[in-house]
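> got a structure for you, letters missing:
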DNA sequence: CAGCTGACTTACGATTCCATAAGTCAGCAG
DNA sequence: CTGCTGACTTATGGAATCGTAAGTCAGCTG
């Protein structure tokens, strides 16, 4: 159980989960669309207006997020209106909540202006603010510095002086 | 304590913490550099090689992250070598760990290939895998759907049919 | 003081991403 | 069958970002 950080060049992040995630949501607008989706936005032009982007950008991101399975395009019909399509979170998309919460929390702490954060997420049952914390499978809270990096099943080891120990 | 999502157009995300955070780390390479920094990388060309980007991109991102206060450029000297500079995490940067953990966790669950994730973060004391969970200030675990959005001190309310209820 | 090396910077062209503006398309209302 | 509206697509041009390749700069070594 040696910490892999001690010999960082002996392994590759070619199949890094973070990099794979960022291929889907690795740009500002995709993240902000996920923020809006988690805030309850469903309709095309609401996404564009509330995120503050143009329609082509909204269409492109919504298409990518739908293709990646974070959103699904479902028909709906308001009385006296024709059938339209809404973008609804899938389980994969709902699971993304932790990322948005962590990002909002970091932004609230380190990047908010003097006025403070615009919104607070609260626990339904007790009203207390919600935040993201690190915990291990045994239920212990994990403080900064109390973790180490271990090999996962998909780890790719490389020769120590291989020209390609890189990965994205 | 009405959920703000019920009237999403009555308030603006102009000073959104998520958007502010994304102005610093809202691109793929900045996120991957933060990943590497949290994995222990300190030196310029290690960042470039391990992230898999060119030197100009590495220089630009490291400069931005340093200017934003997530990293600091500190001198170091190896025996018999001249003084060089390393990029070290600040508290602001270390706090970003939760975002990277949430992103990795989501990627492990939803975007990993058959081989599985390359690395596992484990709790130092007990060896169990670490993950990000949502918790409220009263110590309750927050399950999906058990939270609502409340006004924060920086909330900007807008007229219901204002042309600019947007924000990024 | 010349060579060497790590840490950058500059130059360049390709690609991606974006906003604005205009056009398309479907189907209910009249 | 025309008007209207929401949900897009197409066209165009500008800005950001990227990789490759080459150049610069500082300071220890010899």
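Alright, I've got the coordinates. Note that the structure is predicted; figures quoted are calculated from it, not measured. Numbering: from 1, shown residues only, chains lettered A, B, ... in the order given.
> Name the residues of chain A found near DNA strand D, please.
Residues of chain A lying close to DNA strand D (CB under 7 Å from any atom of the strand) are A:43-46, A:55-56, A:59, A:62-63, A:73, A:84-87. For glycine as for every other residue, the C-beta is placed from the backbone atoms N, C-alpha and C.
> Which of those residues are buried? Put it as a ChimeraX command.
Burial among the residues of chain A next to DNA strand D is assessed by 16 or more other CB atoms under 10 Å in any protein chain shown; the matching ChimeraX selection reads:
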select /A:44,46,62,87
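> Just to check, residue A:44 is in contact with residue A:87?
Yes. Between residue A:44 and residue A:87 there is a contact under CB atoms under 8 Å: 7.3 Å.
> List the contacts of the spatially most central residue of chain A.
In chain A, the residue lying closest to the centroid (CA atoms, centre = their mean) is residue A:99, at 4.0 Å. Residue A:99 makes contact with A:25, A:34, B:99, B:102-103, B:106 under the criterion CB atoms under 8 Å, 6 or more residues apart in numbering or on different chains.
> Between residue A:44 and residue A:87, which contacts overlap?
Shared contacts of residue A:44 and residue A:87 (CB under 8 Å, 6+ apart): residue A:62.
> how about the closest residue to residue A:51 other than its chain neighbours, what does it touch?
Setting aside the residues directly before and after it, residue A:51 is nearest to residue A:32 in space (CB to CB, 6 or more residues apart in numbering or on different chains), at 4.6 Å. Residues near residue A:32 by CB under 8 Å, 6+ apart: A:51-53, B:18-19, B:22, B:168.
> tell me which element residue A:32 falls in.
helix A:28-38 (DSSP states H and E).
> Any part of that helix near DNA strand C?
Yes. Applying CB under 7 Å from any atom of the strand, one finds helix A:28-38 touching DNA strand C at A:28-29.
> Find the closest residue to DNA strand C in chain A.
Closest to DNA strand C within chain A is residue A:54: 2.6 Å, counting by CB to the nearest atom of the strand.
> how about that residue, phi and psi?
Main-chain dihedrals, residue A:54, degrees, to the nearest 10: phi -70, psi 160.
> Next up, the contacts around residue A:132.
By CB under 8 Å, 6+ apart, the neighbours of residue A:132 are A:98, A:101-102, A:105, B:98, B:102, B:132-135.
> Do you know the pLDDT at the nearest residue to it once chain neighbours are set aside?
Closest residue in space to residue A:132, ignoring its immediate chain neighbours: residue A:102 at 4.3 Å, by CB to CB, 6+ apart. For residue A:102, the pLDDT comes out at 95.
> Could you check the angle whichever strand or helix holds residue A:102 makes with helix B:97-110?
Assigned by DSSP H and E, residue A:102 belongs to helix A:97-110. Relative orientation of helix A:97-110 versus helix B:97-110 (axes from the mean of the first three to the mean of the last three CA atoms, to 10 degrees): 170 degrees.
> can you pull the buried residues of helix A:97-110?
Neighbour-count burial for helix A:97-110 [16+ other CB under 10 Å]: A:97-108, A:110.
> right, and out of those residues, which lies closest to chain B?
Nearest to chain B among the buried residues of helix A:97-110, counting by CB to the nearest CB, is residue A:107 at 3.0 Å.
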